[in-house]
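Peer 1: build me a model:
(one chain, ligands or ions: 2)
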Amino acid sequence: MSPIRTFVAAVIVAGVVAGAGTGAALAAPAASHFDGGSFETPRVAANTFVNVGTGGSIGPWKVTGGNVDHIGDGFWQAAEGDQSVDLNGENAGTVSQNFTTVPGKRYTVTYSLAGNPGVGGPALKTGKVLVDGQDFQNFSFDTTGKTMANMGYVTREVSFVATGATTTLSFASTMSGAWGPVIDDVTVRHCEPCPSCD
Ligand SMILES: [Ca+2]
Ligand SMILES: [Ca+2]
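Peer 2: Ligands and ions are numbered 1, 2, ... in the order given. This is a model prediction of the structure:
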């Protein structure tokens, strides 16, 4: 009995998903083929980090400048899941991801921001969000009073109107040193109408 019931349930779920897909453009936020915004793959050994240089990848992300640190479970608190990224590896780095977009449509990027709480470098961490290589948003985070167990993540949001069939989203450190801004839980939503996107 139960296998049949499971099968029926699966068909119903598939039907609902298909229906949602066709109707999604009308109201609900739709996926944009953006992926891996939580930096959970590949897995980094627990309590360690991996330095990734220009040309390297972190799942669907590419390191497109300098180098970054891919932070493993337990090294410090993640905003979502277990892993995060220090945008300064040994020095300033940039991570970028290309994803499918519809020209003329508005997309909203949200991300969690903190900073490497290590004692090196200034407490104020700075970086920027770029869309297709253009500066879209500067961000900063003050790590004063923050610890590896209490990173103090804040949520930031920026929106853009796509100009091409693919868009490149980048996060770049704008400071020197090995202790940079930390990002995690990046999402991209396409929603129209969607008041929160304006
Ligand atoms: Ca994560
Ligand atoms: Ca670092």
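Peer 1: the helices in this structure, which residues?
Peer 2: For the chain, helices defined by DSSP state H occupy the ranges 2-23.
Peer 1: all strands of it, in order?
Peer 2: Counting by DSSP state E, the chain has strands at residues 49-53, 57-58, 61-71, 84-86, 93-100, 106-115, 124-131, 134-142, 154-161, 166-173, 181-190.
Peer 1: for ligand 1, which of the ones you listed is the nearest?
Peer 2: Checking the strands of the chain against ligand 1 by C-beta to the ion gives strand 181-190 as the closest, at 4.3 Å. C-beta here means a position set from N, CA and C on the backbone, and glycine is covered the same way.
Peer 1: how far off centre is the closest one?
Peer 2: Its chain's C-alpha centre and that of strand 181-190 lie 3 Å apart, by C-alpha atoms, centre = their mean, to the nearest Å.
Peer 1: distance of the residue nearest to residue 124 when sequence neighbours are not counted relative to residue 159?
Peer 2: Nearest residue to residue 124, sequence neighbours excluded (C-beta to C-beta, 6 or more residues apart in numbering): residue 142, at 5.3 Å. Taking C-beta to C-beta, to the nearest Å as the measure, residue 142 falls 25 Å from residue 159.
Peer 1: so residue 185 versus residue 107, what's the distance?
Peer 2: Distance from residue 185 to residue 107, by C-beta to C-beta: 16 Å.
Peer 1: so the two - more neighbours on which side?
Peer 2: Neighbours of residue 185 and residue 107, each counted by other C-beta atoms under 10 Å, are more numerous for residue 107; the result is 23 against 18.
Peer 1: pLDDT wise, what is the nearest residue to residue 116 once chain neighbours are set aside at?
Peer 2: In space, and not counting its chain neighbours, residue 116 is closest to residue 179: 4.0 Å by C-beta to C-beta, 6+ apart. On pLDDT, residue 179 comes in at 98.
Peer 1: and what of residue 17?
Peer 2: At residue 17, pLDDT is 43.
Peer 1: hang on, residue 63 packs against residue 93?
Peer 2: Yes. Using C-beta atoms under 8 Å, residue 63 is in contact with residue 93, at 6.0 Å.
Peer 1: shared neighbours, these two?
Peer 2: Residues touching both residue 63 and residue 93 (C-beta atoms under 8 Å, 6 or more residues apart in numbering) are 52, 54.
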